[in-house]
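A.B. asks: Provided below for reference: sequence and predicted model.
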Amino acid sequence: MNTATYCLYYTAQLDKSRCWLVSSLLRGTEHVAFDRSLDPHESVFEFFVPVTMESVFLEVMAYLEKEKVVRELMKKNNRVAEGQQI
């Protein structure tokens, strides 16, 4: 599978009371990333980020980390590109 056509992949744990804030910021700002819950019990989200939007995404996430909304942001291999079940 050609992974060059896939988005970059990140995960992070979010403050449960402000998950909505992260989603609205990323989607409302030129669709910086698509997010969805990966582990609702632990408030872990996954983010699919277009290569051209990575710098904007990281800037937004750095701000949200400073504000204690985002923790443990990690760039990983895109699990969809690797054929993992969604």
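C.D. replies: That came through, no problem. Numbers count the residues shown, from 1 in each chain.
A.B. asks: can you pull the pLDDT of the residue nearest the centre of the chain?
C.D. replies: Nearest residue to the geometric centre of the chain (CA atoms, centre = their mean): F47, 2.4 Å. With respect to pLDDT, F47 has a value of 95.
A.B. asks: got the contact list for the nearest residue to R79 once chain neighbours are set aside?
C.D. replies: In space, R79 comes closest to Y9 once its chain neighbours are excluded; the distance is 6.6 Å by CB to CB, 6 or more residues apart in numbering. For every residue, glycine as well, the C-beta is placed using N, CA and C. Going by CB atoms under 8 Å, 6 or more residues apart in numbering, Y9 touches E46, F47, F48, V49, K75, K76, N77, N78, R79, V80, A81.
A.B. asks: Put the alpha carbons of the lowest-mean-pLDDT helix or strand in the chain into CSV.
C.D. replies: Ranked by mean pLDDT, DSSP states H and E, the weakest helix or strand in the chain is helix 19-28, scoring a mean of 85. Only the C-alpha atoms of helix 19-28 are listed here, as CSV (Å, rounded to 0.1, in the frame of the first residue of the first chain):
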residue,chain,number,x,y,z
CYS,A,19,-12.8,17.7,23.8
TRP,A,20,-15.3,19.8,21.9
LEU,A,21,-12.9,22.7,21.8
VAL,A,22,-10.2,20.7,20.1
SER,A,23,-12.6,19.4,17.5
SER,A,24,-14.0,22.8,16.7
LEU,A,25,-10.6,24.5,16.5
LEU,A,26,-9.2,21.9,14.1
ARG,A,27,-12.3,21.6,11.9
GLY,A,28,-13.1,25.3,11.9
